[in-house]
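Undergrad: Quick one, fold the following:
(chains A and B)
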Amino acid sequence: MYIIERITNKKHPVIIEPVANEDYKKITKKKYFFNWKTEKKYDVYKLRRDDNDIILGLISVTNEKKEKRIEIKLLSVSIENRGKNKQYERITGTLIGYVCREALKHYGIDGCVSLVPKTKLKKHYINRYGMMDAGKQIFLTGLSLLKIVNNYYDENN
Amino acid sequence: MKTTKLLKKYAPKELAESFVFRTKLTAKEKKESDITLNELRKRVQEQTTSKQKLLSHLLQLKYQIEDYSKNATYDTNRSFGYFLREYLKPLNKKNKEFASDIDIDETELSQILNQHRKPADKFIIRLEIHSNKTIPAITWFRLLEKEKEHEILTDYAMRRNESRHVKNRLQLSI
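TA: Residues are numbered from 1 along each chain as shown, chains lettered A, B, ... in the order given. Modelled structure (predicted):
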């Protein structure tokens, strides 16, 4: 897994791991937009470069085992990685790719990753990540899930 | 900054590349939405090709080996032989056919599957080639390494046996 530094175009290997309790002290609303403490009831993961501890992105998910589906509840990149002047490319895709990897690991071809998008953003998730439209929810399964894993998780893994 | 301000500051495309927001559905909306989602998932599954199914199976296996190899816990049931059987499952081949595919003796394959023999390096390299690099040799190697680590940690009989060959032991204590 890697992200790309926008200015230099340099690839940086990254690590995705569960958020530890002590991490919440530095996960502020100012930097990561949401109150992430409320996500403790879900599985929360952080993405960082493999050579430092700075959290570049966060994702919370819930594993709906009976449905063989993982639902993305919340995701945010750090403030420096929003918009045109972002520091790194691929943070969000890599976080989604990691969740798809987990779905594939648990459920194989039946695995699914879904989220409930804001109406305004739905078409952009569909275009950017190949998600499929199920009305109020969008999702990845089958070939679309394999593609995301290949593009964001497995390539140069 | 509130979500509305964020929506004004950044273009929707930029927001989709930076966030997934909390979006609540009513119970009715959720129920209806789940029905739609399940129907569409079923349709996608029906269109899945046998090649995609095989690739999914191999990736699933690879990720399970990766995570097990990293995990500190050792599980006797998750041996090299167990994962190799999982590899063979979707191929629907007899041991003799698969042994021929990777040019090894059928007996050797059987011994590896039944944990009576450790696979040689060439065996895991051939597995990598056979899987079209979907499961790299290094993934199989890390699994073997974990088994070796467990053996070294727990082989008390060997310690007793080897003890007879060691003289002038250092007498160290704190």
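
Undergrad: what helix or strand does residue 45 sit in?
TA: You didn't pick a chain, so chain A it is. In this assignment (DSSP states H and E), residue A:45 forms part of strand A:43-49.

Undergrad: I was thinking of chain B, sorry if that wasn't clear
TA: helix B:27-47.

Undergrad: list the contacts for the residue nearest to residue B:3 when sequence neighbours are not counted?
TA: In space, and not counting its chain neighbours, residue B:3 is closest to residue B:21: 6.4 Å by CB to CB, 6 or more residues apart in numbering or on different chains. For every residue, glycine as well, the C-beta is placed using N, CA and C. The contact partners of residue B:21, by CB atoms under 8 Å, 6 or more residues apart in numbering or on different chains, come to A:74, A:117-118, A:121, B:3.

Undergrad: And for the helix holding residue B:45, what's in contact with it?
TA: Outside helix B:27-47, the residues that reach it (CB under 8 Å, 6+ apart) are A:67, A:109-110, A:112, A:114, A:116, A:132, A:134-137, A:139, A:141-144, B:25.

Undergrad: Of those residues, just the buried ones, PyMOL syntax please.
TA: Per 16 or more other CB atoms under 10 Å in any protein chain shown, the buried members of the contacts of helix B:27-47 correspond to this PyMOL selection:
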select buried, chain A and resi 67+109+110+112+114+116+132+134+136+137+139+141+142+143+144
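
Undergrad: Sort out for me which of the contacts of helix B:27-47 are in helices.
TA: Among those, the subset assigned to helices under DSSP state H consists of A:142-144.

Undergrad: just curious, which of those is nearest to residue A:7?
TA: Taking CB to CB as the measure, residue A:7 sits nearest to residue A:144 out of the ones in helices among the contacts of helix B:27-47, at 31.2 Å.

Undergrad: so how far is chain B from that closest one?
TA: Using CB to the nearest CB, to the nearest Å, we find residue A:144 at a distance of 8 Å from chain B.

Undergrad: what residues are up against the nearest residue to that residue once chain neighbours are set aside?
TA: Using CB to CB, 6+ apart and skipping the chain neighbours, the partner closest in space to residue A:144 is residue A:130 (4.7 Å). With CB under 8 Å, 6+ apart as the criterion, the residues that contact residue A:130 are A:140, A:144, A:147-148.

Undergrad: How about residue A:144?
TA: Contacts for residue A:144 (CB under 8 Å, 6+ apart) come out as A:130-132, B:44.

Undergrad: so residue B:167, which of the three states?
TA: coil (DSSP: H, G, I helix; E, B strand; the rest coil).

Undergrad: That one - how many residues pack around it?
TA: Residues lying near residue B:167 (other CB atoms under 10 Å in any protein chain shown) number 5.

Undergrad: Briefly note if the helix ranked longest in chain A comes near chain B.
TA: The residue-count maximum for a helix in chain A (DSSP H) belongs to helix A:91-107. Yes - on the criterion CB under 8 Å from any CB of the partner chain, helix A:91-107 is in touch with chain B at A:92, A:101-102, A:104-105, A:107.

Undergrad: returning to that earlier point: model confidence over the helix holding residue B:45, on average?
TA: Average pLDDT, helix B:27-47: 94.

Undergrad: helix or strand right after it?
TA: Next helix or strand after helix B:27-47 toward the C-terminus (DSSP H and E): helix B:50-70.

Undergrad: Identify the residues contacting that following helix?
TA: Residues outside helix B:50-70 that contact it (CB under 8 Å, 6+ apart) are A:101-102, A:104-105, A:107-109, A:111, A:142-143, A:146, A:149, A:154, B:75, B:78, B:83, B:86-87, B:89-90, B:131, B:134-135, B:139-140, B:142-143, B:145-146.

Undergrad: Give me the buried subset of those residues.
TA: Buried among the contacts of helix B:50-70 by 16+ other CB under 10 Å: A:101-102, A:104-105, A:107-109, A:111, A:142-143, A:146, A:149, A:154, B:78, B:83, B:86-87, B:131, B:134-135, B:139-140, B:142-143, B:146.

Undergrad: center of chain A - which residue?
TA: In chain A, the residue lying closest to the centroid (CA atoms, centre = their mean) is residue A:95, at 2.5 Å.

Undergrad: leaving aside the residues next to it on the chain, what's closest to residue 90?
TA: Using chain A. residue A:3 (4.6 Å).

Undergrad: let's do chain B instead
TA: Closest residue to residue B:90 apart from its sequence neighbours, by CB to CB, 6+ apart: residue B:57 at 4.8 Å.
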